[in-house]
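Below is the sequence, then the predicted model.
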Amino acid sequence: MATPAHERFEQGLNPAQRAAVVHGDGPLLVLAGAGSGKTRVITNRIARLLALGVPASAILAVTFTNKAAGEMLERVVGLVGQRAAQGLTVCTFHAFGLQLLQRESRYLGFGQGFSIFDQSDAAGTIRELLRTLEVDGGRRLDIGAIVSRISLAKNSFQGPDEMPDGGDLDGDAALYQQIAKLVYGKYVAALKGFHALDFDDLICEPVRLLSKFDELRERWQRRFRYVLVDEYQDTNRVQLELLRQLAGAHKNLTVVGDDDQSIYGWRGADVTNILAFEEHFAGAKVVKLEQNYRSRKPILDAANAVVAAMPAKKYLKALFTERVGGEPIQLVNCSIPEVEASFVASEIQRLVTTGTPPGEIAVMYRSNKQAELLETALRERDLAYTLVGGQSFFERKEVKDLLCYLRLAVNPIDEISLRRVLNYPMRGIGEGALAKLEAFAISHDLPLFRAVQRASEIEGLAPAAKAGCARLAEVVIDAKAALVAHKPASVAAQQLADAVALKEDLHASSPSGEAAMKRWANVENLFRTLQRYEQRAEQTAWELDAPRAPALSEILHRLTLRFADDKEEQQGLVTLTTLHGAKGLEYDVVFLIGLEEGILPHKRTVDPKVTDVVEYVTDASGEAVQKDDAIDEERRLFYVGVTRAKERLYLSRARARLQRGQLVARTPSRFLADVPKELCQTRELTELEKLDVRKLAEKTSRAIASFGPRPKF
């Protein structure tokens, strides 16, 4: 007798995995420990639903990055085939929000299309508002700190009036909170005037619309009968509300996550979403995935010990593995940071020359500034590396400039895009001319682009500036006409680049011909990206309608959503990454460095009154953290780092660091005390590793050659 189709997706699973996959209707919480096969569970569950006859169009799966969404969809297709998966929606929260807003745009009240502002656009808007309000007090403000606070307020459903004024904070934290509250309402008004939404609005606005309009909410609840969420511990308040609105009627909500890996509280993630799931969704079934398939037993035992030291845990998990044996954990005490960097680089050198692929080695740290010494030490040994979280392709100047021209063609009242390209390439519209254009726009109640079009009417505007405005207006109007005539977006982009002589300007402004060619190659890559969107529109999981050529506005929306996680990362190289950036990754060998009080846990969490603005903004924390909660999150961060390692784990620290020109003794991280000593081998280092550059270079080159070609620095 033939096995029913759905049963093949239940085979090869351990009992807990199978329980999660075969769960019927109703809410389901899957507590997935590190390395426990959560992706397999969620994809097999989707495949089983499809095999049971649930239409692909009735299933929505959401996660946090485009990469994760793409991998999830690819794995489902591998299980059921392209045809069976056709119509399945697998995307990020932001991509889903965009999908809904595009479909229901009439509810927004804009009257026409809208732009999406990325982080730099939001920062530009805030910067312009601050200039207008003259609130900087003569100091250089960190715009990111203000943007982060407004973002946290939005995602907590706080309007400008409800946003805290920072009266309970001290120093820079209070100042930034006050400025954020002052500018918040004006920022919201500016976005509305530009017919624009920022990233937060892509989730906040769908929640507002679904809450306000019953027929809209019922329509989307009928559309998606099954909703699945990956990395649920990273959801914030507004994402929880979105899931409530979507699954409120049928309650067929499956969430997969790990409270022990909740490390994004600084950007609004709320660990109580997963801890209180059974309260939010009554009758929920809870399944724990506790078998780890990634790490050797010593590494996993250390991870269990670290997380067990956390007080008042609601869900207790005891991860176990069949991967017994393995090397002891290396606990390395170094005299100073330079010795630590030298040791790490030399040990990587040894591992590579004895057969460990460079791509299977990672160095992790709490703060980006810790990478500086490491980079020097690795370069000295001819070891190429990649920094996780490098520059986004779409944030390169020449690419962003052309995208802004395209956004203007779609939405001429997008003032942020207009300001970026107003005088690029140079066309005689300087700061003085811009001030006159702004004054004319305000006095005539016009968008800034209309002032550009009517520049000839502005008294006192220099002839060169008037001519420049005329050329700019002509370029934008011609590009808009091309789009109205349904020219492909890639063709319109190439024509626009020609119209502004972008290639010529890159050659004129670059330090060398080679640099100019590289920058122009980036522009050509954008052309190819647009072509790929045109060619593959019907294959994307984001389409809701019948296959059709996507409008430029849709393509630009999608490209903007990719800004945040389209960082360039090269394969086959040693990886340097912050602990936050390491989540979801795994390596044969992991080095965790700088394990000292004040670094991990970070000084801001040890003493909430410490407000180092640079690090404060890096962590995007909008308010002083509560000491106990912050320490718990730092512990989880350490746990995440430990559980990235499969075969070998190194834990290192410096005994002293320079502060104001003096060596100051450092205290070991409190988390090291929770790692059982019987699992560790301790090493004491006081001197830099001896370095013969020529021999090392030759040795490294021979070793790396065995792994195939690699990119150069």
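Thanks, I have the structure now. Residues are numbered from 1 along each chain as shown.

CA atoms for contacts and neighbours, from now on please.
Fine.

Residue 191 and residue 199 touch, don't they?
No - the criterion here is Cα atoms under 8 Å, and residue 191 misses it with residue 199 at 11.7 Å.

For the nearest residue to residue 438 once chain neighbours are set aside, the count of nearby residues, please.
Excluding its sequence neighbours, the residue lying closest to residue 438 (Cα to Cα, 6 or more residues apart in numbering) is residue 448, at 6.5 Å. Neighbour count of residue 448, defined by other Cα atoms under 10 Å: 24.

Quick one, grab the pLDDT at residue 448.
In the prediction, the pLDDT value recorded for residue 448 is 93.

and it, what does it touch?
Applying Cα atoms under 8 Å, 6 or more residues apart in numbering, we find residue 448 in contact with 413, 415, 437-438, 441.

Let's see which of those residues end up in helices.
415, 437-438, 441 (DSSP state H).

max-length strand in this protein?
Longest strand in the chain by number of residues (criterion: DSSP state E): strand 645-654.

buried set for the helix or strand that comes right after it?
Toward the C-terminus, strand 645-654 is succeeded by strand 656-659 as the next helix or strand (DSSP states H and E). In terms of neighbour count (16 or more other Cα atoms under 10 Å), strand 656-659 has its buried residues at 656-657.

What's the mean pLDDT across strand 656-659?
Strand 656-659 carries an average pLDDT of 89.

elements contacting that strand?
Applying 3 or more Cα pairs under 8 Å, 6 or more residues apart in numbering; DSSP states H and E, one finds that strand 656-659 contacts strand 662-665.

The longest strand of the chain pairs with which strands, and in what direction?
Strand pairing for strand 645-654, determined by DSSP bridges: strand 329-334 (parallel), strand 587-592 (parallel).

closest to residue 101 out of the ones you listed?
strand 587-592 (39.1 Å; Cα to Cα).

Strands of the stretch 51-200 of the chain, start to end?
Under the criterion DSSP state E, counting those that start in this stretch, strands of the stretch 51-200 of the chain are mapped to 59-63, 89-92, 115-117, 196-198.

I'd say residue 45 and residue 22 touch.
Yes - the pair residue 45 and residue 22 passes the contact test of Cα under 8 Å, sitting 7.0 Å apart.

Could you check how many residues crowd around residue 639?
24.

Name all residues that make contact with it.
Taking Cα under 8 Å, 6+ apart, one finds 260-261, 303, 306-307 in contact with residue 639.

Quickly find the element holding the closest residue in space to residue 462 that isn't next to it in sequence.
Of all residues not flanking residue 462 in the chain, residue 433 sits nearest, at 7.5 Å (Cα to Cα, 6+ apart). Element membership for residue 433 (DSSP H and E) is helix 431-443.

Run through the neighbouring helices and strands of that helix.
Judged by 3+ Cα pairs under 8 Å, 6+ apart, helix 431-443 is in contact with helix 448-453.

Buried ones in the next helix or strand after the helix it packs on, by neighbour count?
Downstream of helix 448-453, the next assigned helix or strand under DSSP H and E is helix 463-484. By 16+ other Cα under 10 Å, the buried positions in helix 463-484 come out as 465-473, 475-480, 482-483.

go on, stretch 491-507?
492-497, 499-500, 502-503, 506-507.

cool, stretch 210-230 as well?
Neighbour-count burial for stretch 210-230 [16+ other Cα under 10 Å]: 210, 217, 220-221, 224-230.

leaving aside the residues next to it on the chain, what's closest to residue 151?
Nearest to residue 151 is residue 200, by Cα to Cα, 6+ apart, at 6.5 Å.

How about residue 456: what's its closest non-neighbour residue?
Closest residue to residue 456 apart from its sequence neighbours, by Cα to Cα, 6+ apart: residue 466 at 5.8 Å.
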